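Asks: Quick one, what's the 3D model for this:
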Amino acid sequence: MKNTLILLATALSLGATALAADSLPPITDGKLPQTVDELWAGYDPSAEPLDVKVIREWDQVVNGKKVKLQMLTFKVGTFKGKESRIAAYFAWPVESKGKIPGLVQIHGGGQRASKDPVLTDAANGYASLSINWLGHKLDDQQPEDAGTDWGALDPTQKHVGHYFSTQPAPFTLDSVPSPRNNNWFILTLTARRALTFLEQQPMVDGERLGVYGHSMGGHITTQVSGVDPRIKAAAPSCGGGGTPPKKLVDRPGSSNGQVLTDPMLVRMVDPLAMLKRIHFPILYQGPHNDFNAPLDTLMHNWEAIPDHSKVYFSVSPHFNHRHVLESDAAVVRFFDTFLKNEGKFPATPDLQVSLKTENGIPLATVRPDMASDVRSVQIYYSINPHALTRFWRSAKTVQNGNTWQAELPVMSTSMPLFVVANVLYAMPEGNVALPLNAECPTEYLITSWERTFDPADLQTAGVKATDSPERLLIAAADSWRDGYELGRKTPNLRMASTRKLTDPKWRGPLGASLTFDVRDPEGGNLNLKFDVNQWTAYPNLKQDTYYASVPLKASPDWQTVSVSLADLKSLKPNDRGGVEATPLLKSWQGITELAIVTSVARGRTVVLSGNWPDSRSIRNIRWVGGDYSEPVLMPGGKLSGKEFERLFQNNIDDSIRLEDQDRAQAGK
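Replies: Reported below is the predicted structural model:
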């Protein structure tokens with residue numbers, strides 16, 4: 001009997017020890033946290049040993065700087081009695097003097113930790129850690145090497161629904177509905193442990209820590225920025241905007257999704273709950289048309305950050321889910337300013353819009369900080385309420401001393417008005433590294449807050465509809481100012497795209513042909529792609545992709561070629577498994593993106609291929625013929641939750657594919 005009692009006491013003691021070893025206290029008596037402070041109460045990210053295990057280590061020279069690189073794992077914590085460990089890349093400059101700042105880099109959905117950002121950071125004088133939260137095999141990981149092992153939990157994309165859920169599951173922490181069951185909570189905790197890793201490195205100054213991440217990594221960056229006081233600067237990319245408020249969801253023609261309804265997520269997990277708690281400099285890096293952090297939602301929600309003097313933006317024109325080099329340079333300048341105390345970072349440009357003017361045309365005025373360092377100012381505006389397919393017009397911006405102004409003519413006062421300004425500043429001289437061996441530009445990009453006006457605002461102010469349709473789309477495709485271009489140095493991957501056809505000013509007239517002037521000494525084909533009704537921008541219109549190929553003569557002279565609706569072929573298969581024999585597109589309206597491409601694929605099947613050599617020149621893309629008798633198709637489509645998730649994943653896949661192309665072109 002005595003031995004039995006001893007064994008029972010020992011078992012109870014071991015059980016208590018196992019319970020105590022868990023990194024988070026259990027929920028007792030059904031008492032759930034109700035606030036962010038309660039959610040994180042009692043958790044110390046530095047309390048547990050990290051148990052770092054270096055798998056391998058080597059030296060590399062980046063931008064002329066000797067860098068030490070490690071692949072390692074460390075302990076995130078113990079949950080439900082099982083240890084969770086995460087793999088990472090860690091790099092620092094070998095010849096640094098004294099303690100240096102530290103950066104945590106957080107990869108996006110579908111991706112993995114990468115050497116590229118940490119090597120770049122190290123070349124720029126930082127100790128940098130890239131955490132492999134999704135758990136994919138690292139580039140240098142051998143079969144026998146340990147990697148990310150979440151143990152009893154799984155906050156990865158295997159369980160996408162738990163980025164929006166607090167419900168219990170076998171892979172979650174709590175057995176009752178709890179904010180700690182949400183994937184974002186566990187990933188935020190992991191980012192806090194990454195900060196602890198940096199804080200404990202001998203070369204790192206724990207008082208100068210920053211964090212940045214892309215896409216889902218941008219979301220995590222914003223989350224951890226709201227709960228960890230050790231952070232002194234943060235730069236989320238293409239994520240961290242939070243869910244849209246009801247006023248934006250209800251806007252006619254809006255692309256915003258559903259309002260978040262789970263009260264636990266709203267109060268304790270959504271980025272909006274974190275933004276209210278950020279009191280250090282934060283820079284959002286994103287493009288005009290990002291699907292993961294739509295600009296309207298982000299700008300509205302970031303108003304919640306208490307001190308707007310510490311809020312900065314760098315918004316790349318016309319892109320979706322990627323950046324121009326001038327924006328990447330802005331992130332370098334941002335961290336150098338606030339973590340190294342090198343120079344001054346310009347305040348967010350002051351943008352004001354006057355609706356009441358003598359001629360009835362809205363007038364935008366920009367007064368940028370540090371005017372002597374300004375290289376150029378560009379004011380953009382749009383009348384399209386659908387943020388994901390919106391075309392941003394480049395307004396004619398005129399400088400007068402330290403002020404820049406632009407008139408914003410509109411075609412109708414029944415559509416809203418969106419205005420934003422970009423300021424390019426001179427990049428300080430220095431040997432700065434950018435990812436993928438990209439050459440650092442001579443300028444960096446800073447963006448204003450977005451100014452938004454509903455139709456009622458325009459009508460009350462007496463704004464007049466003075467604008468009219470225009471047939472010329474692109475004057476010189478070599479510059480491609482009104483869209484974006486990728487792969488310019490790779491003839492078989494090069495593309496140029498624009499959303500200009502979503503603007504009623506440049507819609508195709510009924511019966512018109514799309515016409516190009518082309519000069520091509522080598523000959524070949526002009527390949528085109530037309531995306532119709534992306535993100536269900538328009539009601540009662542089928543989503544589809546069409547393509548066309550126009551033969552070009554090999555000639556040093558300009559030749560004129562045209563495409564009519566009859567030349568377009570659908571990528572969607574018909575009921576018999578083949579391609580539609582006749583075009584379904586009856587109008588130029590509803591095209592949300594027009595691209596000059598080298599190839600078009602249906603899934604993995606290439607249906608159109610070719611090259612776009614440097615010797616080819618394209619100009620005067622325009623509408624010829626037809627008339628404007630057709631009523632203008634207005635945005636107003638609505639996405640179901642299921643359809644949104646499908647399109648969202650497709651965009652993630654496209655983004656990863658393009659980033660893989662970037663690495664391939666950089667020789668990675």
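
Asks: Check the burial of V160 by counting its neighbours.
Replies: 14 (other CB atoms under 10 Å). From N, CA and C alone the C-beta is placed, and that goes for glycine too.

Asks: swap that for L584, please
Replies: Applying other CB under 10 Å, we find 15 other residues in the vicinity of L584.

Asks: residue ranges with poor pLDDT in the stretch 1-150 of the chain?
Replies: Scanning the stretch 1-150 of the chain with the threshold set as pLDDT under 70 gives 1-20.

Asks: Which parts of the stretch 351-500 of the chain are strands?
Replies: Using DSSP state E, counting those that start in this stretch, the strands of the stretch 351-500 of the chain run over 363-367, 374-382, 393-394, 398-400, 403-407, 417-426, 443-447, 451-453, 472-476, 484-486, 495-498.

Asks: Please export the C-alpha coordinates of stretch 247-254 as PDB.
Replies: What follows is stretch 247-254, C-alpha atoms only, in PDB (Å, rounded to 0.1, in the frame of the first residue of the first chain):
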ATOM      1  CA  LYS A 247     -18.500  51.300 -44.100                       C
ATOM      2  CA  LEU A 248     -16.100  50.100 -46.800                       C
ATOM      3  CA  VAL A 249     -17.800  46.800 -47.300                       C
ATOM      4  CA  ASP A 250     -21.100  48.600 -47.800                       C
ATOM      5  CA  ARG A 251     -19.600  51.100 -50.400                       C
ATOM      6  CA  PRO A 252     -21.200  50.400 -53.800                       C
ATOM      7  CA  GLY A 253     -18.800  48.600 -56.100                       C
ATOM      8  CA  SER A 254     -16.400  47.900 -53.300                       C
END
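
Asks: Show me the protein divided up by domain.
Replies: Per the record, the chain has its domains at 350-461, 472-627, 638-668, by automatic domain parsing.

Asks: what's the average pLDDT for the shortest one?
Replies: The one in question is domain 638-668. Regarding domain 638-668, the rounded mean pLDDT is 66.

Asks: Can you give the distance of stretch 193-206 from its chain's centre?
Replies: 27 Å (CA atoms, centre = their mean, to the nearest Å).

Asks: contacting residues around it?
Replies: Stretch 193-206 has contacts (CB atoms under 8 Å, 6 or more residues apart in numbering) with 45-46, 50, 52, 74-77, 86, 88, 90, 92, 96, 99-104, 127, 129, 131, 209, 211, 224, 228, 230-231.

Asks: Ok, stretch 26-43 next?
Replies: The contact list for stretch 26-43 (CB under 8 Å, 6+ apart) reads 19, 23-25, 174, 176-180, 185, 189, 226-227, 264, 267-268, 273-274, 277.

Asks: Nearest spatial neighbour of P635, chain-adjacent residues omitted?
Replies: Spatial nearest neighbour of P635, excluding adjacent residues (CB to CB, 6 or more residues apart in numbering): G253 at 3.5 Å.

Asks: Give me the subset of the contacts of stretch 193-206 lying in strands.
Replies: 74-77, 86, 88, 90, 92, 100-104, 127, 129, 131, 209, 211, 231 (DSSP state E).

Asks: For the closest residue to Q60 other than its chain neighbours, pull up the helix or strand it's in.
Replies: Closest residue in space to Q60, ignoring its immediate chain neighbours: V67 at 5.1 Å, by CB to CB, 6+ apart. Per DSSP states H and E: V67 is located in strand 65-79.
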